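Predicted structure and sequence below. I'll ask about it afterward.
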Amino acid sequence: MRLLEVIERAVTDKHFAAQLKKKAEAAYEAGPDTDDWEELMKEFAETPEELARMKRPGSHGGSSVDSGTTTGTRTGTTNTTTTTTGFTAPPWVKKLIKSKGGKP
């Protein structure tokens with residue numbers, strides 16, 4: 001995953017940061033099972049396999065807990081509930097952003 005590289009570029013390149021923010025907002029609005037989500041995840045994935053794991057909850061063959069999304073359904077009903085949890089950056093990411101003059 002190219003997380004550190006993307007963060008460093010976003011901190012130092014305002015044009016890229018604006019594009020990344022636009023992609024993130026579109027992905028947030030559209031949801032994880034959309035082309036907008038895939039476009040955002042392409043920024044972070046190093047391989048097609050990694051992108052496949054990031055673009056759809058549970059698509060890596062396991063629980064979707066590691067993707068930050070939990071989906072549950074009840075048998076015999078038509079209700080589906082999706083809960084997306086918040087994300088707090090690890091301390092090293094906050095420190096990197098702060099060292100580049102940004103706000104963590």
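Received, thanks. What you see is a predicted model, and the numbers here were worked out from it, not measured in a lab.

contacting residues around the longest helix along the chain?
If you go by DSSP state H, the chain has its longest helix at helix 14-30. Under the criterion C-beta atoms under 8 Å, 6 or more residues apart in numbering, residues 6, 9, 10, 11, 34, 36, 37, 39, 40, 41, 43 lie in contact with helix 14-30. (C-beta placed from N, C-alpha, C; glycine too.)

Show me the helices in this structure, by range?
3-12, 14-30, 35-42, 48-55, 91-99.

Number of residues surrounding residue 26?
Look at residue 26: counted by other C-beta atoms under 10 Å, it has 15 neighbours.

So for it, what's the pLDDT?
You'll see residue 26 listed with a pLDDT of 93.

For residue 54, see how far away it is.
16 Å (C-beta to C-beta, to the nearest Å).

cool, and residue 98?
26 Å.

for the nearest residue to residue 12 once chain neighbours are set aside, phi and psi?
Distances taken as C-beta to C-beta, 6 or more residues apart in numbering place residue 100 nearest to residue 12, at 6.6 Å, with adjacent residues excluded. Main-chain torsions, residue 100, degrees, to the nearest 10: phi -90, psi 10.

Quick check: pLDDT value at residue 100.
For residue 100, pLDDT reads 74.

so what's it up against?
Per C-beta under 8 Å, 6+ apart, neighbours of residue 100: 8, 11, 12.

Going by neighbour count, list what's buried in stretch 22-32.
The neighbour-count check on stretch 22-32 (16 or more other C-beta atoms under 10 Å) flags 23, 27, 32 as buried.

what residues are up against residue 8?
Counting by C-beta under 8 Å, 6+ apart, residue 8 has contacts 96, 100.

any idea how far residue 94 is from it?
Distance from residue 8 to residue 94, by C-beta to C-beta: 14 Å.

go on, residue 11?
12 Å.

Give me the more crowded residue out of these two.
Taking neighbours as other C-beta under 10 Å, residue 11 and residue 94 compare with residue 11 leading, 17 against 14.
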